[in-house]
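K.L.:
Build the 3D model from these lines:
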Amino acid sequence: MNSYLWLKNYRFNKKDPSPIMDSQWKLFRTKAFSDFTVLVSLIATLELSAFSWSLYIDPLASFVIAGFLLFSGYRVITTSLPDLLDKTLDEELQMVIVRHLAIFFHEYTALHGVRSRRSGSNVYPELGRVRGIIIEH
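P.N.:
Below you'll find the predicted structure:
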């Protein structure tokens, strides 16, 4: 079931990308990988039960799953944290951007974040994946 949900959400994300759908397909990918690892571990343990070392298959599979979960968590943190810590824009400038976005609310279909870069005293805001509107400045 997790594999089905993984592929379904992946197709939805490819068709109409959004941060929520992106996280959903990645969540179900992780769950499907964990399920597959547990299934392989169970089958291997049962098939190789004649060997004394087969007792270590399950703990080894648990470490593999834990490593995959830690890697997935690290990737989520490293991709999300920079946007959360982006403090280049002052609150006043953020409100100017939000006001302009509100004026053109019906002109675009999706907005996936506002980031900014600073070069000296100049601030360059960047709108992430705005679809449905051409912004000229």
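
K.L.:
any idea which helix or strand comes after the lowest-mean-pLDDT helix or strand in the chain?
P.N.:
Ranked by mean pLDDT, DSSP states H and E, the weakest helix or strand in the chain is strand 114-119, scoring a mean of 69. Sequence-wise, the next helix or strand downstream of strand 114-119 (DSSP states H and E) is strand 122-127.

K.L.:
host element of the residue lying farthest from the centre of the chain?
P.N.:
Relative to the centre of the chain, the most outlying C-alpha is that of Ala50, 42.3 Å out, by Cα atoms, centre = their mean. Using DSSP H and E, Ala50 maps to neither a helix nor a strand.

K.L.:
One more: Trp6?
P.N.:
helix 2-15.

K.L.:
so after that helix, what's the next helix or strand?
P.N.:
Following helix 2-15 toward the C-terminus (DSSP H and E): helix 19-47.

K.L.:
Okay, buried residues for that following helix please.
P.N.:
Judged by neighbour count using 16 or more other Cβ atoms under 10 Å, the buried positions of helix 19-47 are 21-22, 24-30, 32-34, 37, 41. Backbone N, C-alpha and C define where each C-beta goes, glycine included.

K.L.:
got it, and stretch 97-105?
P.N.:
Buried residues in stretch 97-105, counting neighbours by 16+ other Cβ under 10 Å, are found at Leu101.
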